[in-house]
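Enquirer: Sequence first, then the predicted structure:
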Amino acid sequence: MAGRRYLSPDSLNSRKDSHSRRALIESPPRHRLTDDRISGHHREIQTLLVDNQRLAATHVALKQELGVALQDLRQISAAAGKIKAERDADVRGLFEKAVKMEAEVRLIDEFKADLIQVRGDIQKLNSENKGFSENLDKLLGDLAKERLKGGQFVTIKAEIEAMHNELQRGRAAVEFEKKVSATNTEQSQAMEKSRISMAREIEKLQADLANANKKAMAAAAAAATNTPGSVYGAGFGNHDMGYGAYPGPYVGPPVHGGVDFPYDTRPVPRGPYDMPHHMIHPPYGPYDMHPRNAHG
């Protein structure tokens with residue numbers, strides 16, 4: 001054990017006492033700890049004051065932004081009311097126009113019924129013309145027989161000339177009726193085209209009405225999105241609040257552009273056989289519908 005470094009118990013105790021005295025000398029006094037705590041609290045108070053001032057400034061800025069937002073909300077509400085009034089005015093105008101066009105379509109239907117009646121009269125006149133032709137053929141046959149018999153040649157010739165004149169007047173009447181029929185057919189085609197054009201215009205008005213409703217609802221939805229929590233968004237975002245399209249009596253393919261009315265829609269005065277006024281006085285005079293007696 002001589003080669004090892006041996007420490008006695010006394011030397012160990014003396015070393016412990018020296019360490020304890022050194023710790024007492026190096027430890028700070030109690031009043032220094034109190035000052036450090038006070039300074040720490042002071043720094044915390046200063047930090048809280050700075051934060052309070054910052055929060056106050058933020059509160060003022062938020063209050064100003066709230067005022068600006070309320071003003072924007074009032075402006076948006078006024079604009080939404082104006083848009084709604086304009087949309088209502090447009091809808092009323094489109095509705096009145098659709099009602100007017102429906103009345104014109106009904107008038108065209110009445111003209112169509114009159115045209116059907118005129119066609120019936122023309123067919124009746126054609127059948128009468130056929131009867132006249134058959135009578136003429138019969139008279140010509142009788143005339144040939146009378147020529148063979150020979151007798152009263154002058155009277156028969158005069159009768160033939162009279163029948164020929166009547167036939168000419170009948171043919172003139174038939175030709176006039178054919179011209180009137182062609183004119184009425186052209187008018188019928190023009191009225192049919194006008195009816196189709198008006199039906200297409202009604203469908204276009206319905207599409208414009210639907211587009212106006214969609215635009216108004218889109219504007220209201222955009223206003224509600226820009227101002228969340230607004231009470232106006234619930235009213236304008238309701239898709240159930242819409243105007244129904246006016247149901248037209250006709251449905252046609254869609255067209256582009258406007259509609260031109262090629263004829264006057266006023267009623268035309270009627271004459272005999274329920275014909276227009278230009279058919280009342282034909283260029284030929286009345287003639288006897290029954291064949292005369294061959295012997296006077």
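Expert: Yep, it's here. Residues are numbered from 1 along each chain as shown.
Enquirer: just the helices in the stretch 1-150 of the chain please.
Expert: For the stretch 1-150 of the chain, the helices defined by DSSP state H, counting those that start in this stretch occupy 9-26, 30-149.
Enquirer: Among these, show the one with the smallest mean pLDDT.
Expert: Lowest mean pLDDT within the helices of the stretch 1-150 of the chain: helix 9-26, a mean of 52.
Enquirer: Check which helix or strand residue 178 maps to.
Expert: For residue 178, the host element (DSSP states H and E) is helix 153-226.
Enquirer: For the helices of the stretch 1-150 of the chain, could you give me JSON lines that also reports mean neighbour count?
Expert: To be clear about C-beta, it is placed using only N, CA and C from the backbone, and glycine gets the same treatment. What follows is the helices of the stretch 1-150 of the chain, written out as JSON lines (neighbours: other CB atoms under 10 Å):
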{"stretch": "helix 9-26", "mean neighbour count": "9"}
{"stretch": "helix 30-149", "mean neighbour count": "12"}
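Enquirer: The ones you listed: which one's closest to residue 198?
Expert: Nearest of the helices of the stretch 1-150 of the chain to residue 198, taken as CB to CB: helix 30-149 at 5.2 Å.
Enquirer: got the angle for that closest one vs helix 153-226?
Expert: Helix 30-149 runs at 180 degrees relative to helix 153-226, counting by axes from the mean of the first three to the mean of the last three CA atoms, to 10 degrees.
Enquirer: Now do helix 30-149: which elements does it pack against?
Expert: The contact analysis (3 or more CB pairs under 8 Å, 6 or more residues apart in numbering; DSSP states H and E) places helix 30-149 against helix 153-226, helix 232-236.
Enquirer: would you list those helices in TSV and tack on mean pLDDT and distance to residue 67?
Expert: Formatted as TSV, those follow (pLDDT from 0 to 100; distance: least, CB to CB, whole Å):
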stretch	mean pLDDT	distance to residue 67
helix 153-226	88	17
helix 232-236	43	19
